[in-house]
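Visitor: dropping the sequence and predicted coords here.
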Amino acid sequence: MLALLVGHPAPAGAAVREYWIAAVPMSWDVAPNGGDPVMGTRIPASERRFTALVYRRYTPGFRRPWPNTAESADNDGIPGPLIRAEVGDTVLVHFRNRDTHYRLPHSMHFHAFRYAPSSDGAYIPFRSGRGAAVPVGGSFTYRLRAVDDSYGVWPYHDHSPSMHESIGLGLYGAISIRRPGDPVPDREFVVYLQNHMGVDTINGRAFIGNTPTFRARRGDLVQWDVIGLGDDFHVFHVHGHRWLRNGTPVDSELVGPSSTLQVRFREDAPGLWYYHCHVETHQDNGMIGLYRVMP
Amino acid sequence: MLALLVGHPAPAGAAVREYWIAAVPMSWDVAPNGGDPVMGTRIPASERRFTALVYRRYTPGFRRPWPNTAESADNDGIPGPLIRAEVGDTVLVHFRNRDTHYRLPHSMHFHAFRYAPSSDGAYIPFRSGRGAAVPVGGSFTYRLRAVDDSYGVWPYHDHSPSMHESIGLGLYGAISIRRPGDPVPDREFVVYLQNHMGVDTINGRAFIGNTPTFRARRGDLVQWDVIGLGDDFHVFHVHGHRWLRNGTPVDSELVGPSSTLQVRFREDAPGLWYYHCHVETHQDNGMIGLYRVMP
Amino acid sequence: MLALLVGHPAPAGAAVREYWIAAVPMSWDVAPNGGDPVMGTRIPASERRFTALVYRRYTPGFRRPWPNTAESADNDGIPGPLIRAEVGDTVLVHFRNRDTHYRLPHSMHFHAFRYAPSSDGAYIPFRSGRGAAVPVGGSFTYRLRAVDDSYGVWPYHDHSPSMHESIGLGLYGAISIRRPGDPVPDREFVVYLQNHMGVDTINGRAFIGNTPTFRARRGDLVQWDVIGLGDDFHVFHVHGHRWLRNGTPVDSELVGPSSTLQVRFREDAPGLWYYHCHVETHQDNGMIGLYRVMP
């Protein structure tokens, strides 16, 4: 099976990681608390709730949903589960289309990895194969390799002909790949910037209290995995912190659809801080959250 | 007082710099010359003039406005006065809200610096303190430290609940921090990109003759401090010049809300040149100025 | 003649390159195949066709159009011909305005190069010279120098008072400058991102089959010259590939009006792949093409 992949023999110690992931419909509320506590505005339920499509992880053979644990509590909607790997790993993603609501074909397209065109998951008329438009009830296994230049933070998302509805409905997730020997962060926060229901969301939620409240302690090596999708450009900003980009201190960085930021710093600023998109209308429209650092 | 700041003892020679800055209303005209000399268009006064809110620097104790001099002539409206520091410095900013026109609460939020949450100046419901929403007539002192990763070009701006009116009205300024021993530029130009009255402005003005005409001489070390705020993304371009970014020559760089560019070059191209945002509609709509280099 | 240029004596071996380029009207169709094969949509001819303005290269003295060859087949419309140089070269561009359709003044403004203000090609009221607004039938020679920091990928475009019509009509092209001794790519692809007729185009064309299908072989050193113009920001993405930017692997990079990306990799992924702008509405609206890699 792996012989189909071009070149790059697996190094000693490389793992084969398998994921079972399905596209499933799910009721979603972009602001379960009902609105924006900063400005005191309320959003009617009809403007907050929709039937989302999400990637959900399952136990082997799609027997039951993968349980959330204290260590990994992200199998709960938008975005899909974080796919982790190390350079050298082979990753097999067994995908099943369980979109019983919209009944559209779907796929998975992965940035970061090396793969044969048959695992690209992108629909090309008359040319792409089965993995580019998996029908409702169908399955496909994507065969991926984390190679030398695969490390970093990356998106995955639907790239079937229905991608232009489905990405807006939530069919996307994050990939985090490290090099063996690189320091492992104590905290890793996924920050997915996208628009849903006309609201600017982080991980599918809008306004503080709905968006994730991230937590760290002084001394932690903290990593933020920031990813954009959709149509808009954003500026990721964290209050009270700076980090280096190519040797230059920054605290505000541009991110666009499918571009990513891996932001790392050693935490030394206890307190309650905002993180947000610094585009004013996006910040006003929900793209803001809280970050609590314990002393 | 400084013991409240976390860690980082001040190095020998570090200064304590104090600023007295008030938010004040001010009549403002985005195009005092009346329009765009490139296209020959005129803008009616009613579409150029508004009551701005600006940060204005005062002498100690807010006794009188800080006088403009040949060396420092920026205490005149939009943007607010350039706040300078060196790594190692402590900066105390005594802020007073003199917004007698709109009568809104205001604050100052500083990028770049290290500070305790009480000096963040950002309103968090039920959590932030007095510095996050200073009422009309009130005062607050922000205690800031320029630490190892504070050097560069950064914005400051209102982050109170009224920020979404006030930033559009002019309540922002620039910070420039250098490392002791780094070369001091002969010329430093602040280029603030923002939209006022629906017009694309540089330092609150639109179209050549209204926007700053910057001046340098052959041989000068020139530094441009480029900062965006608001909703839009821009591309900073200078005619007839190039500079290095991470070792690669560029002459056009993206800047978004709160992201910044520190552009440096040794001047060797005498002449009259444009600098402008290369987004076509922004350039047409006022975001362009002149740069005169003497031989 | 060259003595008018400031400083920088030409190194031994430096060439003088001469180009004869005219602005000419040309019938243009953004989607000659009639629409989008991915979604199966058709575009009426009236919404695809317009009278473009393009830079066309001629033989010396403007005697006849420069012939397209297998090595250089880009003298055919939007964008204009690729201008190549090496650091150290002098480039003379003899421009003629043959805009017999719109009958507007035009110019050429070059990024990358060093030149005297008289060769800037940008109109400044009462100050710029003849090269900033060449009337119909008129000519002007721009004198340019590829200096130490001129290497890379850059745009050229009209900067006369009619630029705000003409750039949207197609009056732009690319510059590629290398340093002597730098590796020469086996394949170099120009990818110009701009909007025409309300459609998001690559090299003036929209949707696969209309946009360029680029070709390479395993083992080729491949270079993509990506440039934006107009009003919009884009994210350049190639499927199945990654490359390094400042030592960090990426597969999606932001590009705005006049900003550029030089993307290089050693090809090792045979197959048929998409390249596209990852802004969803841009990809839907035409900004996508195919890349075929032979084993």
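Guide: Sure thing, it's come through.
Visitor: if I look at the nearest residue to A:Trp243 once chain neighbours are set aside, how far off is chain C?
Guide: Leaving aside its sequence neighbours, A:Trp243 sits nearest to A:Phe265 (CB to CB, 6 or more residues apart in numbering or on different chains; 4.6 Å). Placement of C-beta: from N, CA and C, glycine included. Counting by CB to the nearest CB, to the nearest Å, the separation of A:Phe265 from chain C is 16 Å.
Visitor: list the neighbouring strands of the helix or strand where A:Phe265 lies plus their orientation.
Guide: Assigned by DSSP states H and E, A:Phe265 falls within strand A:260-266. According to DSSP bridges, strand A:260-266 has the following sheet partners: strand A:221-228 (antiparallel).
Visitor: what residues sit buried inside the strand it pairs with?
Guide: A:222-228 (16 or more other CB atoms under 10 Å in any protein chain shown).
Visitor: cool, and stretch A:270-290?
Guide: Buried-residue list, stretch A:270-290, by 16+ other CB under 10 Å: A:270-280, A:282-290.
Visitor: check those one by one and keep those near chain B.
Guide: Restricting those to those near chain B by CB under 8 Å from any CB of the partner chain leaves A:270-274, A:278-280, A:284, A:290.
Visitor: give me the contact list for the longest helix along chain A.
Guide: If you go by DSSP state H, chain A has its longest helix at helix A:163-169. Here helix A:163-169 makes contact (CB atoms under 8 Å, 6 or more residues apart in numbering or on different chains) with A:23, A:50-53, A:102, A:104, A:106-107, A:157-158, A:160, A:171, A:194-196, A:229-230, C:280, C:284.
Visitor: show the average pLDDT along that helix.
Guide: Average pLDDT, helix A:163-169: 96.
Visitor: what's the following helix or strand after it?
Guide: Next element after helix A:163-169 (DSSP H and E): strand A:172-178.
Visitor: now do the buried residues in whichever helix or strand comes after that following strand.
Guide: Per DSSP H and E, strand A:172-178 leads on to strand A:187-196 as the next helix or strand towards the C-terminus. Neighbour counts over strand A:187-196 (16+ other CB under 10 Å) mark A:188-196 as buried.
Visitor: and the helix or strand following strand A:187-196, what does it pack onto?
Guide: As assigned by DSSP H and E, the chain's next helix or strand after strand A:187-196 is strand A:199-202. Here strand A:199-202 touches strand A:187-196, helix A:280-284, going by 3 or more CB pairs under 8 Å, 6 or more residues apart in numbering or on different chains; DSSP states H and E.
Visitor: please save the CA atoms from strand A:199-202 in PDB.
Guide: Extracted in PDB, the C-alpha atoms of strand A:199-202 (Å, rounded to 0.1, in the frame of the first residue of the first chain):
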ATOM      1  CA  VAL A 199     -20.900  36.500  12.200                       C
ATOM      2  CA  ASP A 200     -17.100  36.500  12.600                       C
ATOM      3  CA  THR A 201     -16.200  33.400  14.600                       C
ATOM      4  CA  ILE A 202     -13.300  31.700  16.300                       C
END
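Visitor: distance between that strand and the chain's centre?
Guide: Distance of strand A:199-202 from its chain centroid, counting by CA atoms, centre = their mean, to the nearest Å, is 14 Å.
Visitor: just stretch A:54-65 next, same as before
Guide: 17 Å.
Visitor: contacts for it, please.
Guide: By CB under 8 Å, 6+ apart, stretch A:54-65 touches A:18-24, A:26, A:28, A:66, A:75, A:77-81, A:94, A:96, A:108, A:156, A:170-173.
Visitor: drop anything exposed from those.
Guide: Buried, going by 16+ other CB under 10 Å: A:19-24, A:26, A:28, A:66, A:75, A:77-81, A:94, A:96, A:108, A:156, A:170-173, out of these.
Visitor: so which of these are in helices?
Guide: Per DSSP H, the buried ones among the contacts of stretch A:54-65 never map to helices.
Visitor: cross-check the residues you listed against chain B and keep the overlap.
Guide: Of those, not one also sits near chain B (CB under 8 Å from any CB).
Visitor: give me the low-pLDDT residue ranges for the stretch 1-150 of chain A?
Guide: For the stretch 1-150 of chain A, the stretches with pLDDT under 70 are A:1-13.
Visitor: where do the strands sit along it?
Guide: A:16-29, A:35-36, A:41-42, A:49-58, A:83-86, A:90-97, A:109-110, A:139-145 (DSSP state E, counting those that start in this stretch).
Visitor: give me the neighbour count for the residue of the stretch 1-150 of chain A found nearest chain C.
Guide: Closest approach of the stretch 1-150 of chain A to chain C (CB to the nearest CB) occurs at A:Pro117, with a separation of 3.5 Å. Neighbourhood size, A:Pro117 [other CB atoms under 10 Å in any protein chain shown]: 21.
Visitor: find the nearest non-adjacent residue to it, please.
Guide: Nearest residue to A:Pro117, sequence neighbours excluded (CB to CB, 6+ apart): C:Gly271, at 3.5 Å.
Visitor: what's around A:Phe265, how many residues?
Guide: Applying other CB under 10 Å, I find that A:Phe265 has 19 neighbouring residues.
Visitor: can you name the residue of the stretch 151-295 of chain A nearest chain B?
Guide: Using CB to the nearest CB, A:Gly271 is the residue of the stretch 151-295 of chain A that sits closest to chain B, at 3.5 Å.
Visitor: mind listing what that residue touches?
Guide: Applying CB under 8 Å, 6+ apart, the residues near A:Gly271 are A:240, A:292-293, B:116-117, B:120.
Visitor: mark which of these are buried, thanks.
Guide: A:240, A:293, B:116-117, B:120.
Visitor: narrow the buried residues of stretch A:270-290 to those in strands?
Guide: Taking DSSP state E as the definition of strands, these contribute A:271-277, A:288-290.
Visitor: for chain C, state which of these is nearest.
Guide: A:Cys277 (14.9 Å).
Visitor: what residues are bridge-paired with that closest one?
Guide: Going by DSSP bridges, A:Cys277 forms beta bridges with A:Phe236.
Visitor: hmm, stretch A:89-106 touching chain C?
Guide: No: Stretch A:89-106 stays clear of chain C (CB under 8 Å from any CB), getting no nearer than 13.2 Å.
Visitor: show me what contacts A:Gly173?
Guide: A:55, A:79-83, A:155-157 are the contacts of A:Gly173 under CB under 8 Å, 6+ apart.
Visitor: from chain C, how far out is it?
Guide: A:Gly173 is 16 Å from chain C, by CB to the nearest CB.
Visitor: local confidence estimate at that residue?
Guide: At A:Gly173, pLDDT is 98.
Visitor: interface residues of chain A facing chain B?
Guide: In this structure, chain A approaches chain B at residues A:37-39, A:208, A:233-235, A:237, A:239-240, A:242-244, A:246, A:248-254, A:268-274, A:278-281, A:284, A:290, judged by CB under 8 Å from any CB.
Visitor: mind redoing it with 6 Å?
Guide: A:37-38, A:233, A:235, A:237, A:239, A:242, A:246, A:249, A:251-252, A:254, A:271-272, A:274, A:278-281, A:284 (CB under 6 Å from any CB of the partner chain).
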